[in-house]
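Colleague: Structure for this input, please:
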Amino acid sequence: MDDVTAVLDIGKTNVKVAAFRCDGALMWERAITNRMVPGPPYPHADVERIWEFLLDALADANRISPIAAIVPTTHGCAAALIDEAGLVLPVMDYEFAGVEEIEPLYAPLRPPFSETFSPALPAGQNIARQLAWQQQHFAEPFARAKYLLAYPQYWAWRLSNVAAAEVTSLGAHSDLWEPLQRRFSSAVSALNVSGLMPPLHLAYRRLAPIKPDIAAATGLSRDVDVLCGVHDSNASLLPHLGSRREPFTLLSTGTWVILMSPGLSLDGLDPGDDTLANVDVDGRPIATGRFMGGREYAAIAGSDGNPDPASLSRVIASGAMALPSFAGRGGGGPFASYRGEIRGEIAPADGPALATLYVALMSDLMLTRLGATRGALIVEGSFAANPCYAMLVAALRPTQPVFASTDAAGTARGAALLAKWPAMNLQAPPLAAVQARAVDGLPAYRDKWARAVLDR
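Modeller: From the prediction side, this is the model:
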């Protein structure tokens, strides 16, 4: 009953190692800022810095309580081409826009949305486009590759020496997965990479014990299990899948706001809105919408800290508004090609209120376009610590109950659940009900904002 699961949690902004006891209690954690190397040969993940951090963190966590299992969870849109010795090419930063030059060659190969439920996204946000570009520019190292691994499975391979494919990462708008048929998409054969695909395993599959040299370097027992690993948004969803009736929508927030609606039909998804299908740990397609709300918030707010209701009232009364998009073409959502604009004047101290209004209005719009008009709304991640955000969502959608997670470690805690998945009689994670109350001037402000967005 004292088994401890360590989670390697690699987000776009931060990298964390967190250790959880079998009862779900957070035992220990440590984090560093994630960073990308600008090149050469192209912008890429600093995997060796992450590796050194991981080994040091595992050693320290293990000294507090022995670790029994390790689970990797990472952001999507990243993949590793490896041979027996390691990477044959760096893990590309999905914001590298240079891959778009391959579009005339790749577009005829891209499967239709009806097959993959994966929109054609900017930069490297479709892994298949990354692969097409790498094939074109780095033919010799590409030809040496033995396996193509999604990012969580790359870390599982480094820990266990077992190569695996897994559906939550393949199903995150990679163009490589056909969710309704639960098989690789036609892009895999069109790019001639079928031979690079390792065996498919579930996210909670125990691949192997850690390699002996890792045990020696960290002090971990040689029988510590390495699990296959999971896409981070799916890790956040996992506790709710086991404890909540559908339909509901999880608003997983951080650098991205990812809206995932289990039980919702895929029929209304529109790639032009950046509504798509992700895939859960058991291979089931999940209706999803997304935009880069965390990065946009930072660009609009101009300062740290959360707003208070008084500052929201001042901004609403002023009529000042932020119009999308502040994250550039790679920022997701239906307005990613627009340039962000702030209309009107506010005091600098009210920047966080303007930013909170913007992200709440975008969340409301994306929920509507997704078709998530029924069931509970659960706010998880960084915006759960901003009470005004959840309050605004509740005011904008008064017919749906809204809850805010009180768990700051939601993604990592969800990933840790894989060590005992499928969990029976799973208790719901801690949530605080958000009171639905009217916000003076908000309905008129929303209407004005929506007209301004559509008139641009």
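
Colleague: Going along the chain, name the strands of the stretch 1-150 of the chain.
Modeller: Assigned strands in the stretch 1-150 of the chain, in chain order: 4-10, 14-21, 26-33, 36-37, 44-45, 67-74, 79-83, 86-87, 147-150 (criterion: DSSP state E, counting those that start in this stretch).

Colleague: and the residue lying closest to P90 once chain neighbours are set aside, how many residues sit next to it?
Modeller: Leaving aside its sequence neighbours, P90 sits nearest to H44 (C-beta to C-beta, 6 or more residues apart in numbering; 3.4 Å). C-betas here are computed from N, CA, C, even on glycine. Using other C-beta atoms under 10 Å, H44 has 19 neighbouring residues.

Colleague: okay, H44: pLDDT?
Modeller: Note on H44: pLDDT of 98.

Colleague: For the remainder of this discussion, apply numbering that starts at 253.
Modeller: New numbering, starting at 253: the last item is H296.

Colleague: what separates M279 from P290, distance-wise?
Modeller: Applying C-beta to C-beta, to the nearest Å, the value for M279 to P290 is 36 Å.

Colleague: more neighbours, those two?
Modeller: A direct count of neighbours by other C-beta under 10 Å for M279 and P290 places M279 higher, at 15 against 10.

Colleague: give me every residue that touches the nearest residue to the more buried one once chain neighbours are set aside.
Modeller: Once flanking residues are discounted, M279 sits nearest to A271: 4.6 Å by C-beta to C-beta, 6+ apart. Counting by C-beta atoms under 8 Å, 6 or more residues apart in numbering, A271 touches 256-259, 278-281, 313, 316-317, 319.

Colleague: if I look at A271, how far off is L454?
Modeller: A271 is 23 Å from L454, where distance means C-beta to C-beta.

Colleague: low-confidence ranges in the stretch 603-708 of the chain?
Modeller: Within the stretch 603-708 of the chain, the ranges that satisfy pLDDT under 70 run 676-677.

Colleague: can you map out the strands along it?
Modeller: 628-633, 654-657, 683-686.

Colleague: Quick check: which of these is nearest to L670?
Modeller: With C-beta to C-beta, the closest approach to L670 among the strands of the stretch 603-708 of the chain belongs to strand 628-633: 17.1 Å.

Colleague: Buried residues, stretch 381-393. List them.
Modeller: 381-387, 389-390 (16 or more other C-beta atoms under 10 Å).

Colleague: Rebuild the strands of the stretch 603-708 of the chain as CSV, extending it with mean neighbour count and distance to S421.
Modeller: Shown next, in CSV, are the strands of the stretch 603-708 of the chain (neighbours: other C-beta atoms under 10 Å; distance: least, C-beta to C-beta, whole Å):
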stretch, mean neighbour count, distance to S421
strand 628-633, 25, 19
strand 654-657, 25, 23
strand 683-686, 16, 27
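
Colleague: hang on, the earlier thing: run a quick check on the residue nearest to P342 versus G350, I expect a contact.
Modeller: No - applying C-beta atoms under 8 Å as the test, H296 and G350 come out as separate, 11.8 Å apart.

Colleague: residues near Q687, how many?
Modeller: If you count neighbours by other C-beta under 10 Å, Q687 ends up with 10.

Colleague: Not counting its neighbours along the chain, what's nearest it?
Modeller: A646 (6.9 Å).

Colleague: ditto for D522
Modeller: Using C-beta to C-beta, 6+ apart, the nearest residue to D522 is R621, at 7.0 Å.

Colleague: Then K672?
Modeller: C274 (7.2 Å).

Colleague: Quick check: phi and psi at that neighbour.
Modeller: phi -70, psi -20 (degrees, to the nearest 10).

Colleague: I'd say it and A321 touch.
Modeller: No - using C-beta under 8 Å, C274 makes no contact with A321, being 10.0 Å away.

Colleague: Overlap in contacts, these two.
Modeller: Listed as contacting both C274 and A321 by C-beta under 8 Å, 6+ apart are 255-257.
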